[in-house]
Structure formats: C-alpha cells, structure tokens
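with the input below, show me the fold.
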Amino acid sequence: MFIFGNFLFALAQVLDIVLTIYMWVIVIAALISWVNPDPYNPIVRFLYAATEPVLRRIRRLIAFHVSIDFSPMIAILGILFLKYFLVASMMDIARKLRY
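Residues are numbered from 1 along each chain as shown. Next comes the predicted model:
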C-alpha cells in the first residue's frame with residue numbers, strides 16, 4: 001500500500017503546485033485588467049484565454065451587475081478551498097497509507 005500512498009502524495013503535491021500557479025495567473029490577469037492592456041499582446045491573450053473560461057462561469061453564477069468584478073476573488077477563494085480541503089485530505093490519506 002505504500003506505493004499507492006507515495007503516488008497519492010505525489011499527485012497531491014503536483015495538484016498543489018498547479019493550483020498555486022493558476023491562482024497567480026488569475027491575480028496577474030486581474031491586475032493587468034486595471035491598466036487597459038494591448039489585446040494583441042501574446043501575454044495578455046494567454047492570460048485572457050487561461051482565465052476567462054473559469055471567470056465567465058463564475059460571473060454567470062453570481063449574476064448581479066456591479067461596477068466591480070468579484071469573479072477573480074471568488075475563483076481564488078475556490079482555489080484556496082481546494083488547496084486546504086482536497087490537497088490536504090489527499091496528503092493525509094497518503095501519509096496513512098505509507099505507514
């Protein structure tokens with residue numbers, strides 16, 4: 001069982017890294033949206049393509065129109081929930097399977 005525990009632990013660590021990177025991509029995209037960026041810049045296009053599908057779904061779910069877009073903050077809270085609940089649970093299960 002220790003092999004499955006090691007696999008689950010490694011998977012949890014990789015998921016933690018991916019979630020952290022995506023969280024920072026959302027933060028950078030939100031900060032760049034404040035300054036009216038060039039829409040043809042490849043970095044801006046990547047940030048928009050990487051974050052807009054998730055943020056669009058969140059905007060549809062909250063469905064109230066105010067001047068401030070709360071979807072990046074809600075997405076970051078969702079990522080933090082996944083990190084603190086899912087990743088931590090996976091690591092705890094992996095530790096129990098290793099010993």
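
make it CA atoms for all contacts and neighbour counts henceforth
Will do.

quick one: pLDDT of residue 35?
Listed pLDDT for residue 35 reads 92.

check which helix or strand residue 45 maps to.
Per DSSP states H and E: residue 45 is located in helix 42-62.

just the mean pLDDT for that helix, thanks.
94.

and stretch 4-21, by the same measure?
Per-residue scores along stretch 4-21 average to 96.

and that stretch, how far from the chain's centre?
Relative to its chain's centre, stretch 4-21 lies at 14 Å (CA atoms, centre = their mean, to the nearest Å).

now do stretch 25-44
For stretch 25-44, the distance to the chain centre is 17 Å (CA atoms, centre = their mean).

what's the answer for stretch 88-97, then?
So, by CA atoms, centre = their mean, the centroid of stretch 88-97 is 21 Å from its chain's centroid.

ok, and what's touching that stretch?
Stretch 88-97 is contacted from outside by 1, 2, 4, 5, 6, 7, 8, 9, 12, using CA atoms under 8 Å, 6 or more residues apart in numbering.

with only the CA atoms kept, save it in PDB.
Extracted in PDB, the C-alpha atoms of stretch 88-97 (Å, rounded to 0.1, in the frame of the first residue of the first chain):
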ATOM      1  CA  ALA A  88      -4.700  18.400   2.500                       C
ATOM      2  CA  SER A  89      -7.100  15.400   2.600                       C
ATOM      3  CA  MET A  90      -5.100  13.700  -0.200                       C
ATOM      4  CA  MET A  91      -1.900  14.200   1.700                       C
ATOM      5  CA  ASP A  92      -3.400  12.900   5.000                       C
ATOM      6  CA  ILE A  93      -4.700   9.800   3.300                       C
ATOM      7  CA  ALA A  94      -1.300   9.300   1.600                       C
ATOM      8  CA  ARG A  95       0.500   9.600   4.900                       C
ATOM      9  CA  LYS A  96      -1.800   6.900   6.500                       C
ATOM     10  CA  LEU A  97      -1.300   4.600   3.500                       C
END
